[in-house]
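J.: give me a model of this one.
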Amino acid sequence: MTTARIDRLTTSGTFSLDGGTWDVDNNVWIVGDDHEAVVIDAAHDADAIAAAVGGRRLLAIVSTHAHNDHVDAAPALADATGAPILLHPDDLPLWRQTHPDRAPDGELADGQVITVAGVELTVLHTPGHAPGAVCLHAPALDTVFTGDTLFAGGPGATGRSFSDFPTIIDSLRDRLLTLPAHTVVRTGHGDSTTIGDEAPHLAEWIARGH
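T.: Purely as a prediction, here's the structure:
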């Protein structure tokens, strides 16, 4: 029986890409127990995230992708906690747009396992919304953290630089919709959903994208 839990913190800021800027609310996910934790997507407010982590040892700051609204607070949180920032290397061009003078501390790779509080988070490389986008599957918690790859209602946006619609559909079909139907999808923005609720709509998404 795991003692690990999932906490959600919502932070607010802006997303900027291709010359536009939008106000956004981001989900910051904290997975751990009373002693240690992992942060998924350090968005906007390093102080608020550090406060939510509390006195626990922060093992890693995992970035599902490098759009600025998901990584803007990562260096400050790393500096405050000593935790390494992990990012898939395919997203380094996006990362450098936000943090040209600070590289991530480590790489994420498909199939990599991050263990926190006795729970394994398996990295799934799911490009499309961004080249280095990843999801984190935690079977013991019946959860997948999808960043901006899958939302309640469909795939993440692919209309901007570094994104590609056919690629995200491949990622959804091959990597996410194959997970157990009861798996809770914890997203980068907005409400959670389940694989079972989203899987039947794959054909609609494909038709909509063409």
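
J.: what bits of the protein have low per-residue confidence?
T.: 1, 210 (pLDDT under 70).

J.: residue 67: neighbour count?
T.: 32 (other CB atoms under 10 Å). C-betas here are computed from N, CA, C, even on glycine.

J.: what of residue 172?
T.: Around residue 172 there are 26 residues (other CB under 10 Å).

J.: likewise residue 12?
T.: Residue 12 has 13 nearby residues by other CB under 10 Å.

J.: and it, that one's in a strand?
T.: Yes: assessed with DSSP: H, G, I helix; E, B strand; the rest coil, residue 12 lies in a strand.

J.: ok, the residue lying closest to it once chain neighbours are set aside - contacts?
T.: Take residue 12 and drop its neighbours on the chain: the residue closest to it by CB to CB, 6 or more residues apart in numbering is residue 25, 5.1 Å away. Counting by CB atoms under 8 Å, 6 or more residues apart in numbering, residue 25 touches 10, 11, 12, 189.

J.: would you show me how to pick out the buried ones of the residues you listed in ChimeraX?
T.: Typed into ChimeraX, the line below selects the buried ones among the contacts of residue 25, using 16 or more other CB atoms under 10 Å:
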select :11,189
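
J.: quick one on the thing from earlier: please, which helix or strand holds the residue nearest to residue 12?
T.: Assigned by DSSP states H and E, residue 25 belongs to strand 20-32.

J.: next, the angle from the following helix or strand past that strand to strand 20-32.
T.: Scanning forward in sequence from strand 20-32 by DSSP H and E, the next helix or strand is strand 36-40. Angle of strand 36-40 versus strand 20-32, following axes from the mean of the first three to the mean of the last three CA atoms, to 10 degrees, is 160 degrees.

J.: any idea which helix or strand comes after strand 36-40?
T.: helix 46-53.

J.: okay, and the beta partners of residue 186?
T.: Counting by DSSP bridges, residue 186 is bridged to residue 145.

J.: mind checking the SS state of residue 93?
T.: Looking at residue 93 with three-state DSSP, the answer is helix.
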